[in-house]
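>>> this is a predicted model, with the sequence first.
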Amino acid sequence: MTDVMLVGHCGPDAIMLKTVVQRALPEASVELVNDQAALDAALAGEVVLLVNRELDGAFHAGTGGIDLVRHLAQLDSPPPMLLVSNFEEAQSEAQAAGAMPGFGKSNLYDEDTTQRLKDAASRYE
């Protein structure tokens, strides 16, 4: 079973995202990760990361979501990562940095979002 980590999201956004993830991936556990230590621990398992463009929490100083994607993409086995942002430029930059196609909060309930979550989780099958 794949775990989905909501990386750098505030509480209200995390609630919305958890609902969307559970609809797309009913068997997945969903956790909020708002500090570097929790993220490092999560990376030991089969996880999908939903990374906020503007990180909320205690991550490396000066690190935004795209910077985090770029850093994690350099791991030997980087996890599937999707940026959560409505900005197309940020989505393009995240994909160039190593993320899979992500989605914005305005698209949470679109079929494309559901499929992107399923595609990310299927990387562990």
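In hand now; what should we look at? Being a predicted model, the structure only gives us computed values, none of them experimental. Numbers count the residues shown, from 1 in each chain.
>>> surely Met5 forms part of a helix?
No. The assignment for Met5 by DSSP: H, G, I helix; E, B strand; the rest coil gives strand, which leaves it out of any helix.
>>> tell me the mean pLDDT over stretch 92-111?
On average, the pLDDT along stretch 92-111 is 97.
>>> for this protein, which spans come out with low pLDDT?
The chain contains residues with pLDDT under 70 at 1, 61-62.
>>> beta-bridge partners for the most centrally placed residue in it, please?
For the chain, the residue nearest the mean C-alpha position is Leu50 (1.1 Å; C-alpha atoms, centre = their mean). The partner list for Leu50 in beta bridges (DSSP bridges) reads Leu6, Leu82.
>>> hang on, it packs against Val84?
Yes. Here Leu50 reaches Val84: they are 5.4 Å apart, a contact under C-beta atoms under 8 Å. (Each C-beta comes from the backbone N, C-alpha and C, glycine too.)
>>> how about the helices in the protein?
Assigned by DSSP state H, the helices in the chain fall at 11-24, 36-42, 65-72, 88-97, 111-121.
>>> which neighbouring elements make contact with the longest one?
Right, helix 11-24. Using 3 or more C-beta pairs under 8 Å, 6 or more residues apart in numbering; DSSP states H and E as the contact criterion, the secondary-structure elements in contact with helix 11-24 are strand 3-7, strand 29-33, strand 47-52, helix 111-121.
>>> re the thing from before, would you convert the helices of the chain into a markdown table that also reports distance to Met5?
As requested, the helices of the chain are arranged in a markdown table below (distance: least, C-beta to C-beta, whole Å):
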| stretch | distance to Met5 |
| --- | --- |
| helix 11-24 | 10 |
| helix 36-42 | 5 |
| helix 65-72 | 11 |
| helix 88-97 | 16 |
| helix 111-121 | 11 |
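>>> what's the closest of these to Val30?
With distances scored as C-beta to C-beta, the stretch of the helices of the chain nearest to Val30 is helix 11-24 (4.6 Å).
>>> can you tell me what sits against the closest one?
For helix 11-24, contacts defined as C-beta atoms under 8 Å, 6 or more residues apart in numbering pick out 4, 6, 9, 28, 30, 32, 50, 52, 84, 105, 108-109, 113-114, 117-118.
>>> ignoring the adjacent residues along the chain, who's closest to Leu72?
Once its chain neighbours are removed from consideration, Leu72 has its nearest residue in Pro78; the separation is 5.3 Å (C-beta to C-beta, 6 or more residues apart in numbering).
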